[in-house]
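In: Please find the sequence and the predicted model below.
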Amino acid sequence: MSKYNKLKDTLQERLSELEHSIDNDEEFETTELSNYDNHPADNATDLTDKHTRLALRKHYEEEIADIKEALIAIDEGNYGKCTECGKEIPLERLEAVPTTTTCVEHAQQQVNEEIRPLEESLLNSTTDQPVDDEDPRIRDYENSFEILEEVGSSDTPSDKQ
């Protein structure tokens, strides 16, 4: 198991950093005492800061869980073996991604459809009718861009004489 001692030290150091970061997570201060006279951009900045902090915290918590799982695998002697096929994970992969539990062949490579934007389910790739349940009075169902392109586009000179 000695070949994983350096990786174990790296994982423990990163775990310590993340736990310290979460424990010392300071609340962002707003720019004003009252929102009454705040410019909307100030409120948006405060909200963005809050969302960023929450996203980072979630990412750190997930990374902590992955590190703890890897450390348990090291202690149990399962570290470095793919959980899917049982093959040895190359040391280069473990050095690049010390929390990995799978070989490259079994790494999650598909897109998680559950986290796709809602808009993708509503929009089509055509400009003729981009929304499935669109009100028919809105569009003439002809490609209006082709008509407009006859007058000119960014591919043609803008000043015709």
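Out: Yep, that arrived. Numbering: from 1, shown residues only.

In: Grab the CA positions of the least confident helix or strand in the chain by mean pLDDT and hand them over as PDB.
Out: Ranked by mean pLDDT, DSSP states H and E, the helix or strand of the chain with the weakest confidence is helix 119-122, at a mean of 71. Output of helix 119-122 as PDB, limited to C-alpha atoms (Å, rounded to 0.1, in the frame of the first residue of the first chain):
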ATOM      1  CA  GLU A 119     -35.600  25.700 -22.100                       C
ATOM      2  CA  GLU A 120     -34.100  22.800 -24.100                       C
ATOM      3  CA  SER A 121     -37.300  20.700 -23.700                       C
ATOM      4  CA  LEU A 122     -39.300  23.600 -25.100                       C
END
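
In: could you pull out the helices for the protein?
Out: Here the chain has its helices, by DSSP state H, at 5-23, 40-76, 91-96, 119-122, 144-151.

In: pLDDT wise, what is Ala55 at?
Out: On the pLDDT scale, Ala55 is placed at 89.

In: any idea how far Ala65 is from it?
Out: Here the criterion is Cβ to Cβ, to the nearest Å. By it, Ala55 lies 16 Å from Ala65. Every C-beta, even on glycine, is put in place using the N, C-alpha and C of the backbone.
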